[in-house]
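K.L.:
Have a look; sequence and predicted model below, questions after that.
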Amino acid sequence: MQTAVCHVDMALAHRDPASPMPQNVNIAKILNKEKSYKKYLESQCSDQWRKHLELTISDPPGRVRAYVHWHLHNKHKRSMYKPAPYLTHPSCPYQLQLLCFRTEHTIHIIPSHLHYAFKAPRADYQDRVCPHCLATDITVLGDEIHIICHCPATQGVLQQFTAKFQGLTRLLDLPPFASFTPDDKTRMVLGNPPPQVLQKGLKGWIVEATPICSEFAYALRIHVTSLLPAVVDMSSDDEAAMSSDSNNDFSPILLPPGFQPASTSPNDRDTMLVPLDPAGQQMIGQYILFKWLTYGWCLGKISACNTDPKRKVSKQIANFTVFYPNDGSSELHCLSLDNYNVDIDNDSPNYTWLLLEPSTP
């Protein structure tokens, strides 16, 4: 313990343990000295933690460097042990959407957020290009600033919210929103207070800005989701040829009587699949086919939405409870676009699913 403390409190490592403690500890009451020293060490740890993260700014482009660039630029004396300001808002609609953007979890919205292989080997960070611009033969990194401020296909969302952010800056006595640079606009719409917001004005920022930023994140997700069916295929010609060859062995699913594949693409229901999102209520009553390891394809009906973030399936928060009439059981599921059976292929991997609807006569 003494060694660990010396790494944090460098002064202690070079002085006699019996020498005076830091000034804020000395002036504290006797019963509060331990708590005061704990806060002192916490402040030292926070500073070192921040300095360690800021070193990544000089690294090649990557997800950690992007997080530091967008969210740790502000020199407010904020403890790294405390949550970001936007998380302290007591009740804000779509706050989860903003959290997903800030933690780089929106892989279908911001291409640079892709952190695992999906249908193809994972591309390097600098190669995660914007698919909307790629369709017009323009190759550009699909990061936060591009999707929010520059991409012709998506920048319209920010334009729709410009009046709200302009009103926000006027309310908080900040420079006009239009005068901010694209970098500062991106940071602001992601919930980060501008440098002009002093510590005493931080509470006002949290109350006024968090709902607008969360609503913007939700609107951007909805807009980009509506563009997903038009996204071009970025696989190579060789991969396309291999895929074409593999389709020769395609075996369609034998659907239950009275059902057919849903005519509406699950891409249109993307927000309904987000765990804990109220929009998921619209999925209740929908029928699905789910492929189990032992039993194969089974017909189920979505009976409830999960509202408990502690209920998980394979370390992911579950979004629905599905009732299976064949055996009367109910199971938690994490239904997502990643495991959706787009090809209606009987030989798709286990734990994939397909949305159904009653067949037309």
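P.N.:
That came through fine.

K.L.:
next helix or strand past the strand or helix carrying R50?
P.N.:
Assessed by DSSP states H and E, R50 sits inside helix 33-54. Next in sequence after helix 33-54, counting helices and strands by DSSP H and E, comes helix 63-71.

K.L.:
for the stretch 1-150 of the chain, which spans come out with low pLDDT?
P.N.:
Residues of the stretch 1-150 of the chain that meet the criterion pLDDT under 70 lie in 1-20, 74-78, 116-121.

K.L.:
All the helices of it, residue numbers only.
P.N.:
For the stretch 1-150 of the chain, applying DSSP state H, counting those that start in this stretch gives helices covering 2-8, 10-13, 23-26, 33-54, 63-71, 95-102, 131-134, 144-145.

K.L.:
Those helices into a markdown table, with extra columns for distance to G328?
P.N.:
(C-beta placed from N, C-alpha, C; glycine too.) Listed next are the helices of the stretch 1-150 of the chain as a markdown table, based on distance: least, C-beta to C-beta, whole Å:
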| stretch | distance to G328 |
| --- | --- |
| helix 2-8 | 55 |
| helix 10-13 | 65 |
| helix 23-26 | 64 |
| helix 33-54 | 52 |
| helix 63-71 | 44 |
| helix 95-102 | 33 |
| helix 131-134 | 44 |
| helix 144-145 | 47 |
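
K.L.:
Using CSV, please lay out those helices together with distance to L254 and mean neighbour count.
P.N.:
Compiled in CSV, the helices of the stretch 1-150 of the chain are given as follows (distance: least, C-beta to C-beta, whole Å; neighbours: other C-beta atoms under 10 Å):
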stretch, distance to L254, mean neighbour count
helix 2-8, 62, 11
helix 10-13, 70, 13
helix 23-26, 73, 12
helix 33-54, 53, 14
helix 63-71, 42, 17
helix 95-102, 37, 21
helix 131-134, 34, 19
helix 144-145, 44, 22
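
K.L.:
Compare these and give me the one nearest T154.
P.N.:
Shortest distance between T154 and the helices of the stretch 1-150 of the chain, using C-beta to C-beta, is found for helix 131-134: 6.7 Å.

K.L.:
Convert that closest one to CSV, retaining C-alpha atoms only.
P.N.:
Taking C-alpha atoms only, helix 131-134 is exported to CSV below (Å, rounded to 0.1, in the frame of the first residue of the first chain):
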residue,chain,number,x,y,z
PRO,A,131,-20.5,4.0,-46.9
HIS,A,132,-22.8,6.9,-48.0
CYS,A,133,-19.9,8.8,-49.6
LEU,A,134,-18.3,5.6,-51.0
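
K.L.:
Can you give the distance of that helix from its chain's centre?
P.N.:
Its chain's C-alpha centre and that of helix 131-134 lie 21 Å apart, by C-alpha atoms, centre = their mean, to the nearest Å.

K.L.:
still on that earlier bit, run the angle between the helix holding R50 and helix 63-71 for me.
P.N.:
In terms of direction (axes from the mean of the first three to the mean of the last three C-alpha atoms, to 10 degrees), helix 33-54 departs from helix 63-71 by 110 degrees.

K.L.:
re earlier: how about the helices of the stretch 1-150 of the chain, which one is nearest Q286?
P.N.:
In terms of C-beta to C-beta, the element of the helices of the stretch 1-150 of the chain nearest to Q286 is helix 95-102, at 21.7 Å.

K.L.:
what angle separates that closest one from helix 63-71?
P.N.:
With the same axes, to 10 degrees applied, the angle from helix 95-102 to helix 63-71 works out at 120 degrees.

K.L.:
Show me what helix 95-102 is packed against.
P.N.:
For helix 95-102, the packing partners by 3 or more C-beta pairs under 8 Å, 6 or more residues apart in numbering; DSSP states H and E come out as helix 202-227.

K.L.:
And the helix it packs on, what's buried?
P.N.:
For helix 202-227, the neighbour count (16 or more other C-beta atoms under 10 Å) marks 205-206, 209-221, 224-225 as buried.

K.L.:
average pLDDT across it?
P.N.:
The pLDDT scores in helix 202-227 average 91.

K.L.:
which helices and strands does that helix pack with?
P.N.:
Packing partners of helix 202-227 (3+ C-beta pairs under 8 Å, 6+ apart): helix 95-102, helix 156-171, helix 182-189.

K.L.:
Report the buried residues of the second one.
P.N.:
Yep, that's helix 156-171 we're talking about. Residues of helix 156-171 classed as buried: V157, L158, F161, F165, L168, T169 (neighbour count, 16+ other C-beta under 10 Å).

K.L.:
Might you report the residue contacts of the fifth one?
P.N.:
Looking back up the chat, that one is L168. Contact analysis of L168 by C-beta atoms under 8 Å, 6 or more residues apart in numbering lists L174, F177, E208, A209, I212.

K.L.:
Thanks again, I'm all set now.
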